[in-house]
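Enquirer: after the sequence you'll find the predicted model.
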Amino acid sequence: MHILIVTDQHPDSLGGAQVAIRTQRASLEQLGHRVTIAAPALHRAGYLVADEDREAYIELPSRPITKDREYGLSWPSARTDRALAAALHKLPAVDVVHVQGDFWGAMIGIRAARGLRVPLVFTMHNNVDEGTRAVTPLAPLVFLGLRGWRLLSLGKPRGEVAASAKGSWRYLAELAAEASAVIAPSGHFAAQLERKGVATGVRAVRGGVNDDLVDVPLALPRSPRSRPLLAWLGRMSSEKRVLEFIDAIALADIDADVRLYGAGMLLNQVQERIANHGLTDRVVIVGPVTHEAALAALREADALVQTSVGFETQGLTPFEAAVLGTPTVFCDLAIADDVAVTQSWRVADESVAALAHTLREAVSELNSAPGELRVDESETQAFLQSAQTRRLVEIYQSVLDA
């Protein structure tokens, strides 16, 4: 079958959803399906679409919306519709439109499914409620604005919208109203979408770990060390609680090395906090790395530290860590329940003191059994993308049959 994926951001931009989409595409193509990804053109300096991706990407007219030109916006309009239709005209007929975006990508994808007269599948990657409330006190007004934008772009919802859906959840419910299937990237977010009235029968399909990439870091020997190595990966922003992590390291006074992978708006504050706490001998900011390098870093670490709470709709990094044998210190217990492997540590509450206590506990156990506290491979096979792709194909086939 030919699957058209429409998303908010270019698949080669930074982000967990983008990694998931690239991995899905590769796995679907291995099964003989064709995947085309439509997204805003990427304006990053020096960026060129790789030869192997040229036929699979449709770059929509867009404008950059961040200073580093990493992210762009394509307006849902007749102009965008025409650009997408012209690109699709040269390709085999589309069987299913799979929207994997919650903003302009969602609206463009819904318009495309209507025009093509094919089923719509919708994966909701973002917790729009938590994400919006984390960055502005005017979240209720933003939610009203999003609903107005959706109405302007799509008209009245072509399906039932539950009366119980309020605020951002009503916006998502209006988007999901005409989808033949709604997917969430984790069990806990699927349950939340149902509880908030967004949709019924939401199916959980994880963003899986690329089967091929896992073999590379697994083959590399882990470097010798005199004390445990902890890794943190993510965007340095308030909802990721990276500053709280630095404070907890200082409070715990752990005998461990810590490496931070990523960057973001709080980078300067993270650097200052490390220096002010006198942690420069233990905490190193590595900065942004490729996905392959991130997997190698996870394999190398004795433990991953996951610090956000209530924000992530999945938390792909702990799944990747588990597949690579690396246990996680979980601040978000919903993610811990989704991962559900034997070797892990759970933080009791959201306080810095609780995180510091768990860090001391984890480092003590890692010091007591150097190199031995690893996640068993038998617990993680379901996290591989091949397993998730089989579920995805079943969903595509079910909406086509219907």
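Expert: Perfect, I can see it now.

Enquirer: which residues does residue 204 bridge with?
Expert: With DSSP bridges as the criterion, residue 204 is bridged to residue 184.

Enquirer: tell me the helix or strand right after the helix or strand bottoming out on mean pLDDT in the chain.
Expert: Least confident helix or strand of the chain, by mean pLDDT, DSSP states H and E, is helix 211-219 with a mean of 65. Helices and strands here follow DSSP states H and E; after helix 211-219, the next one along the chain is strand 229-233.

Enquirer: the helix or strand following that next one - contacts with which helices or strands?
Expert: Going down the chain from strand 229-233, the next helix or strand is helix 242-252, by DSSP H and E. Under the contact criterion of 3 or more C-beta pairs under 8 Å, 6 or more residues apart in numbering; DSSP states H and E, helix 242-252 touches helix 267-276, helix 352-368. C-beta here means a position set from N, CA and C on the backbone, and glycine is covered the same way.

Enquirer: buried residues, the shortest one. List them.
Expert: Just to be clear, that refers to helix 267-276. 267, 270-271, 273-274 (16 or more other C-beta atoms under 10 Å).

Enquirer: quick one: residues contacting residue 288.
Expert: Neighbouring residues of residue 288 by C-beta atoms under 8 Å, 6 or more residues apart in numbering: 14, 261-263.

Enquirer: what two of those are the furthest from one another?
Expert: Greatest spacing in those, by C-beta to C-beta: 14 and 261 (11.8 Å).

Enquirer: got the domain boundaries for this protein?
Expert: 2-208+384-401, 211-382 (automatic domain parsing).

Enquirer: start to end distance for the longest one?
Expert: Okay, so that is domain 2-208+384-401. 15 Å (C-alpha to C-alpha, to the nearest Å).

Enquirer: which of the contacts of residue 288 sits closest to residue 152?
Expert: Using C-beta to C-beta, these come closest to residue 152 at residue 14, 29.4 Å.

Enquirer: burial count for that closest one?
Expert: Neighbours of residue 14 under the rule other C-beta atoms under 10 Å: 18.

Enquirer: next: residue 8.
Expert: Using other C-beta under 10 Å, residue 8 has 27 neighbouring residues.

Enquirer: next: residue 384.
Expert: Counted with other C-beta under 10 Å, the neighbours of residue 384 add up to 20.

Enquirer: look up phi and psi at it.
Expert: The phi/psi pair for residue 384 (degrees, to the nearest 10) reads phi -70, psi 150.

Enquirer: got the contact list for it?
Expert: By C-beta under 8 Å, 6+ apart, the contact set of residue 384 is 208-209, 211, 214, 323.

Enquirer: so how far is residue 144 from it?
Expert: 41 Å (C-beta to C-beta, to the nearest Å).

Enquirer: same check, this time on residue 287
Expert: 38 Å.

Enquirer: please identify which of the two sits among more neighbours.
Expert: residue 144 (14 against 11).

Enquirer: just how off-centre is the helix or strand where that one lies within its chain?
Expert: Using DSSP H and E, the element containing residue 144 is helix 139-154. The chain centre lies 23 Å from the centre of helix 139-154; the measure is C-alpha atoms, centre = their mean, to the nearest Å.

Enquirer: who touches that helix?
Expert: Residues contacting helix 139-154 (C-beta under 8 Å, 6+ apart): 76-77, 103, 107, 110-111, 128-129, 132-133, 136, 167-168, 170-171, 174-175.

Enquirer: do a quick rundown of the helices in the stretch 1-150 of the chain.
Expert: 16-30, 78-89, 104-116, 128-135, 139-154 (DSSP state H, counting those that start in this stretch).

Enquirer: an error on my part: the question was meant for the stretch 251-400 of the chain.
Expert: Counting by DSSP H, counting those that start in this stretch, the stretch 251-400 of the chain has helices at residues 267-276, 291-300, 316-323, 333-339, 352-368, 385-401.

Enquirer: what's the angle from the fifth one to helix 242-252?
Expert: Spelled out, it's helix 352-368. Using axes from the mean of the first three to the mean of the last three C-alpha atoms, to 10 degrees, the inter-axis angle of helix 352-368 relative to helix 242-252 is 60 degrees.

Enquirer: and helix 352-368, how far out from the chain's middle?
Expert: Using C-alpha atoms, centre = their mean, the offset of helix 352-368 from its chain centre is 27 Å.
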